[in-house]
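Student: below are the sequence and a predicted model for it; my questions follow.
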Amino acid sequence: MKEKLVSVVWRDAVSGTYDWTNVTDVGCELEEVTTTGYQVNKNEGAVTVALSISDEECRNTITIPMACVTAIYSIEDPCGVADDEQ
C-alpha cells in the first residue's frame, strides 16, 4: 500500500437556516473541518481521501476542493508497527 495517511484541514460550507430567518441574522462563516484517512488521489484542483483501503480498492471517499484546503498533515502509518499488547 503506497497511499499515505493524512489529516486534511479544510473550510466547509454551512447550511445555517432551516426556518424563516431575518436576513440580518444570517451569518457568513464557514466551518473548519478535519478529515483523516488515506490520500488516494491529489491534483491541482482537489484531494481525495478514503476512510478504508485495501491493496487495490478503497471505500468511503471524500473529494475536497484544494481552494477549501488550509493544510494537509502527513500522519505516521499506525499499521507500520505491530502492537504486541493486542
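Tutor: Cool, the structure landed.

Student: quick one: residues contacting I64.
Tutor: Residues in contact with I64 (CB atoms under 8 Å, 6 or more residues apart in numbering) are V8, W10, T35, A46, V47, T48, V49. To be clear about C-beta, it is placed using only N, CA and C from the backbone, and glycine gets the same treatment.

Student: please indicate which of the residues you listed are buried?
Tutor: When neighbours are counted using 16 or more other CB atoms under 10 Å, those contain these buried positions: V8, W10, T35, V47, T48, V49.

Student: distance check, the spatially most central residue of the chain against E3.
Tutor: By CA atoms, centre = their mean, the mean C-alpha position of the chain lies nearest to T35, the distance being 2.8 Å. T35 sits 14 Å away from E3 when distances are taken as CB to CB, to the nearest Å.

Student: just checking, V6 is part of a helix?
Tutor: No: assessed by DSSP: H, G, I helix; E, B strand; the rest coil, V6 does not belong to a helix; its assignment is strand.

Student: tell me what it is bridged to.
Tutor: On the basis of DSSP bridges, V6 is bridged to G37, S74.

Student: which residues touch it?
Tutor: Shown in contact with V6 (CB under 8 Å, 6+ apart): T36, G37, Y38, Q39, V49, I72, Y73, S74, I75.

Student: and the residues you listed as JSON lines, adding pLDDT and distance to E57?
Tutor: Putting those into JSON lines (pLDDT from 0 to 100; distance: CB to CB, whole Å) gives the following:
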{"residue": "T36", "pLDDT": "96", "distance to E57": "19"}
{"residue": "G37", "pLDDT": "96", "distance to E57": "14"}
{"residue": "Y38", "pLDDT": "95", "distance to E57": "11"}
{"residue": "Q39", "pLDDT": "96", "distance to E57": "15"}
{"residue": "V49", "pLDDT": "97", "distance to E57": "15"}
{"residue": "I72", "pLDDT": "97", "distance to E57": "23"}
{"residue": "Y73", "pLDDT": "96", "distance to E57": "25"}
{"residue": "S74", "pLDDT": "93", "distance to E57": "22"}
{"residue": "I75", "pLDDT": "92", "distance to E57": "21"}
